[in-house]
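**Q** turn this into a structure:
(2 chains)
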Protein chains: 2
Amino acid sequence: MPPFDVPEGDPFGPHNLPYGVFSPDGSSDRRVGVRLGDHVLDAGAAARALDFPHAELLSAPNLNPLLAAGPAVWAEVRAALTEWVTRPAHREAVEPLFHELAHVTLHLPFEVADYVDFYASEHHARNVGQIFRPDSPDPLTPNWKHLPIGYHGRAGTVVVSGTDVVRPSGQRKAPADPAPVFGPSIRLDIEAEVGFVVGVPSAQGTPVPLTGFRDHVFGLCLLNDWSARDIQAWEYVPLGPFLGKSFATSVSAWITPLAALEDARVAPPERTHPLLPYLDDSAPGVEPGGYDLRISVAINGQVVAEPPFSTMYWTAAQQLAHLTVNGASLRTGDLYASGTVSGPAEGQRGSLLELTWNGRDPLELPDGKRAFLEDGDVVTFTAWAPGKDGGRIGLGEVEGRIVSG
Amino acid sequence: MPPFDVPEGDPFGPHNLPYGVFSPDGSSDRRVGVRLGDHVLDAGAAARALDFPHAELLSAPNLNPLLAAGPAVWAEVRAALTEWVTRPAHREAVEPLFHELAHVTLHLPFEVADYVDFYASEHHARNVGQIFRPDSPDPLTPNWKHLPIGYHGRAGTVVVSGTDVVRPSGQRKAPADPAPVFGPSIRLDIEAEVGFVVGVPSAQGTPVPLTGFRDHVFGLCLLNDWSARDIQAWEYVPLGPFLGKSFATSVSAWITPLAALEDARVAPPERTHPLLPYLDDSAPGVEPGGYDLRISVAINGQVVAEPPFSTMYWTAAQQLAHLTVNGASLRTGDLYASGTVSGPAEGQRGSLLELTWNGRDPLELPDGKRAFLEDGDVVTFTAWAPGKDGGRIGLGEVEGRIVSG
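**A** Numbers count the residues shown, from 1 in each chain, chains lettered A, B, ... in the order given. This is a model prediction of the structure:
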């Protein structure tokens, strides 16, 4: 089917237009692409053919120049792309510049500067607290409702969807073991998350307020924060997760601009504790910071969970305000992730740790039980958001296969 | 004094030759420089003048191309530089390419990829444990002697020596407070550390063994891991330090190549616990991984501590092996720091937290008492290492002044 004739109701229709980086089959050069249905538009080629003033931003080997250009340019580029893929007058010029998705290679769409991972789902944090501290009166740590807890992860091991994940080796120690042992992780897990991509940098020493979110953040993607629970458990006191997470983090190949998600904006859950002013999103003039994203988690094609992003306690705008309130600067390409998305229901949990209650209740899959991941398992996250007139905006999938180390 | 006539015994003599990036006064272009005494050689200009085959590596605006080139090229470049600055035959060609240190601006010498901070001093870890868990039978956590504990920090806020540090604001909560309060940190601290700079990258999924240290690591620098203790104390459970550290990390402007520190190599302290094979530096064929670096910490010009790097329990080679054992890849420009260097004696502690025992015993400085840093305070770390024939190899200083936010 020709690209312009994307079916009505396709989640990658002309209201979506996420950005990625691709190489056509047989080529190694990287080009900015925009997805329409099951095609990719060579955005740089289209911009040059139509004498678009920002053609240079779309002719780079990654999205970073576009990310850095800021909200006014993002809007101009999106408006232009929308015209090119919808106006019959452009069809003749633009249609030859599409490639079938099946005939391109998709790359990591931007150079990751710093990577931060948050812990923003109350349901997830409560589940984890109950699993690891069953006797504690409160499964949440005392700071949890006062600030979005986060930590820095490894930017250099962020990989694009489709990249195999090598099972990590490391130290683990069961409580009864006299000393740690070394070997491949036996508790390899997933974390279904949403990642936010920073476009516009900020100066060191100058915090970004809650209301600055959309001046700095370009868009979002699905993200799998692969986690080796055995390595993590032994190493993480007192300085946090390190090797249990740093071996790989997968992101979808498509970055959905925030502009495509206007109809998915929702208020976050009611706040149970008063917030300090820099985090108070109930203040006048602060827009609701939640997004209604319906995530689906599949292992070897079988859906095992459907985490709802709208249930996240801390929003991406609050995370950005917190991240910078100490004066830490932002760079183009900074990536920060939500933390595991888990809803209140059992089938809405975004990690195997929670879904199997730390291995106690293995999942029943067609090919056997799963407490944690086995070699060869393929994990796929997909998601959609409400769009205009009951339509859907699809997020790019993030997929990875576990291979032995 | 002409640059060639650097005095005998100068810690920045021709046996040292650290690398940096500078701009001459009145110019904004960034050039690779090599320090000799109180001068900087424009290394790219010298290489071009003398038709050196690797001139391109020395003509970049930062050290990253040289870092990526690997040990064989590092040795060729160092041998050539040594010739240029010592052979009278080169004097006429090279001497005009020196600039006085007083007439250049020094820049961050390399683009930082990922930044990791370790916690490798047993004396520091014991002090911290005793301060925060006075009733615990063992001040070390159970994992401490089995692995070098580390975490990722913020690469985007690594700044060069001489950059002012804005006092960070954030949440803090004293145990008796009913809720956290927000404001400028009132417990702003230093951490005297040594940072290691990765040159040669490694592939994701492939660990770097202990014996690979010198194939990947180019050199080292002094590093100040500024720490807001009040922010850190409230935020760090359960995922580790975040905003208490991410506002700024200062590094010296000069990267000392490992090749300049051959005479400073020492065996690390005796290991009290057996190590897993990937960390066992007592195995045959593994070189001793310690370095004898004598650090000096001054506040407003007064020396307050002299931490000895030779006392570090975990070596940089062990840290690199640990960092990658899960398959995490290295990139050119990765920076990893030792953690606070503290020796066994009271005057050898590398943080105010330890020097003042969490503020209980303030330092007496000429301008008053100090529990933690005040606005206007200037903190300077210097260091030297034993060189050939009783000489000294100087490390570049790292200095920063606290300014109010």
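**Q** which pLDDT does the model give the closest residue to chain B within the stretch 151-300 of chain A?
**A** Nearest to chain B in the stretch 151-300 of chain A, going by CB to the nearest CB, is residue A:240, at a distance of 2.2 Å. C-betas here are computed from N, CA, C, even on glycine. pLDDT for residue A:240: 96.
**Q** ok, the one 3 residues further on next?
**A** Residue A:243 is assigned 98 on the pLDDT scale.
**Q** cool, the one 4 residues further on as well?
**A** In the prediction, the pLDDT value recorded for residue A:247 is 98.
**Q** please apply the same query to residue A:14.
**A** 96.
**Q** which helix runs longest in chain A?
**A** helix A:71-86 (DSSP state H).
**Q** how close does residue A:110 sit to residue B:372?
**A** 39 Å (CB to CB, to the nearest Å).
**Q** these two: which is more packed in?
**A** residue A:110 (28 against 23; other CB atoms under 10 Å in any protein chain shown).
**Q** point out where chain A drops to low pLDDT.
**A** Scanning chain A for pLDDT under 70 picks out A:1.
**Q** now residue A:10, nearest residue through space, not along the chain?
**A** Nearest non-adjacent residue to residue A:10, counting by CB to CB, 6 or more residues apart in numbering or on different chains: residue A:37, 5.3 Å away.
**Q** quick one: contacts for the one you found?
**A** Residue A:37 makes contact with A:1, A:3, A:6, A:7, A:10, A:12, A:13, according to CB atoms under 8 Å, 6 or more residues apart in numbering or on different chains.
**Q** show me chain A divided up by domain.
**A** A:3-107, A:115-290+A:307-357 (automatic domain parsing).
**Q** report the distance from the first one to the chain centre.
**A** For domain A:3-107, the gap between its own C-alpha mean and the chain's C-alpha mean amounts to 21 Å (CA atoms, centre = their mean, to the nearest Å).
**Q** how about the longest one?
**A** Using CA atoms, centre = their mean, we find the averaged C-alpha position of domain A:115-290+A:307-357 to lie 10 Å away from the chain's own average C-alpha position.
**Q** hang on, residue A:38 packs against residue A:103?
**A** No. Using CB atoms under 8 Å, residue A:38 makes no contact with residue A:103, being 10.4 Å away.
**Q** count of neighbours near residue A:325?
**A** Neighbours around residue A:325, by other CB under 10 Å: 23.
**Q** so who does the nearest residue to it once chain neighbours are set aside touch?
**A** Of all residues beyond its chain neighbours, the one nearest residue A:325 is residue A:207 (4.7 Å), with distances taken as CB to CB, 6+ apart. Residues in contact with residue A:207 (CB under 8 Å, 6+ apart) are A:278, A:321, A:324, A:325, A:326, A:327, B:169.
**Q** looking at these, which are in helices?
**A** Among the contacts of residue A:207, the members falling in helices (DSSP H) are A:321, A:324.
**Q** just the buried residues out of the contacts of residue A:207, in ChimeraX syntax.
**A** Listed next is the ChimeraX selection for buried residues among those, using 16 or more other CB atoms under 10 Å in any protein chain shown:
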select /A:278,321,324,325,326,327 /B:169
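**Q** doesn't residue A:195 fall inside a strand?
**A** Yes. Under DSSP: H, G, I helix; E, B strand; the rest coil, residue A:195 falls within a strand.
**Q** how many neighbours does it have?
**A** Neighbour count for residue A:195, taken as other CB under 10 Å: 27.
**Q** correct me, but it touches residue A:217?
**A** No. Judged on CB under 8 Å, residue A:195 makes no contact with residue A:217 at a distance of 10.7 Å.
**Q** excluding covalently adjacent residues, which one is nearest to residue A:377?
**A** Using CB to CB, 6+ apart and skipping residues adjacent in sequence, the residue nearest residue A:377 is residue A:402, 5.0 Å away.
**Q** is it fair to say the one you found lies in a helix?
**A** No. Assessed with three-state DSSP, residue A:402 is strand; it does not lie in a helix.
**Q** does it touch residue A:375 like I think?
**A** Yes. Taking CB under 8 Å as the definition, residue A:402 is a contact partner of residue A:375 at 5.4 Å.
**Q** between those two, which is the more surrounded one?
**A** More crowded of residue A:402 and residue A:375, by other CB under 10 Å: residue A:402, with 21 against 13.
**Q** enumerate every residue touching that one.
**A** So residue A:402 contacts A:164, A:165, A:167, A:188, A:373, A:374, A:375, A:376, A:377, A:378, A:379 (CB under 8 Å, 6+ apart).
**Q** look up how far residue B:237 lies from the closest residue to residue A:181 other than its chain neighbours.
**A** Distances taken as CB to CB, 6+ apart put residue A:172 closest to residue A:181, at 6.3 Å, once the chain neighbours are dropped. Per CB to CB, residue A:172 is found 22 Å from residue B:237.
**Q** between the two, which one's more packed in?
**A** Using other CB under 10 Å, the more surrounded residue of residue A:172 and residue B:237 is residue A:172, with 23 against 15.
**Q** tell me the SS of the residue in chain A sticking out farthest from the centre?
**A** The centre of chain A is farthest from one residue, residue A:178, which by CA atoms, centre = their mean lies 39.1 Å away. When classified by three-state DSSP, residue A:178 comes out as coil.
**Q** residue contacts, it?
**A** Per CB under 8 Å, 6+ apart, neighbours of residue A:178: none.
**Q** please apply the same query to residue A:306.
**A** A:294, A:295, A:296, A:297, A:343, A:347, A:348.
**Q** most neighbours of all the residues you listed, which one?
**A** Counting by other CB under 10 Å, top hit in these: residue A:297 with 27 neighbours.
**Q** show residues contacting the helix or strand hosting that one.
**A** Following DSSP states H and E, one finds residue A:297 within strand A:294-299. By CB under 8 Å, 6+ apart, the list of residues contacting strand A:294-299 from outside reads A:190, A:192, A:194, A:222, A:303-309, A:341, A:350, A:363, A:365, A:370, A:373, A:377-385.
**Q** out of those, which are inside strands?
**A** Counted as lying in strands by DSSP state E, out of the contacts of strand A:294-299, are A:192, A:194, A:222, A:303-305, A:363, A:365, A:370, A:378-385.
**Q** what would the contacts of residue A:37 look like in TSV with neighbour count?
**A** TSV is the format used below for the contacts of residue A:37 (neighbours: other CB atoms under 10 Å in any protein chain shown):
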residue	neighbour count
A:1	9
A:3	21
A:6	20
A:7	8
A:10	16
A:12	24
A:13	21
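**Q** wait, which of those residues is closest to chain B?
**A** Using CB to the nearest CB, the contacts of residue A:37 come closest to chain B at residue A:12, 29.4 Å.
**Q** so the closest one: helix, strand or coil?
**A** Under three-state DSSP, residue A:12 falls in the coil class.
**Q** tell me who's in contact with the closest residue in space to residue A:355 that isn't next to it in sequence.
**A** Excluding the flanking residues, the one nearest residue A:355 by CB to CB, 6+ apart is residue A:349, at 4.9 Å. Applying CB under 8 Å, 6+ apart to residue A:349 gives the contacts A:123, A:124, A:127, A:305, A:307, A:342, A:343, A:355.
**Q** shouldn't the third one be in contact with residue A:342?
**A** Yes. Proximity of residue A:127 to residue A:342 meets the contact threshold set by CB under 8 Å, at 6.3 Å.
**Q** so between the two, which is more surrounded?
**A** The neighbour comparison of residue A:127 against residue A:342 (other CB under 10 Å) goes to residue A:342, with 29 against 23.
**Q** circling back: JSON lines please, covering the contacts of residue A:349 and showing distance to residue B:90.
**A** Below are those laid out as JSON lines (distance: CB to CB, whole Å):
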{"residue": "A:123", "distance to residue B:90": "69"}
{"residue": "A:124", "distance to residue B:90": "64"}
{"residue": "A:127", "distance to residue B:90": "68"}
{"residue": "A:305", "distance to residue B:90": "68"}
{"residue": "A:307", "distance to residue B:90": "66"}
{"residue": "A:342", "distance to residue B:90": "67"}
{"residue": "A:343", "distance to residue B:90": "71"}
{"residue": "A:355", "distance to residue B:90": "69"}
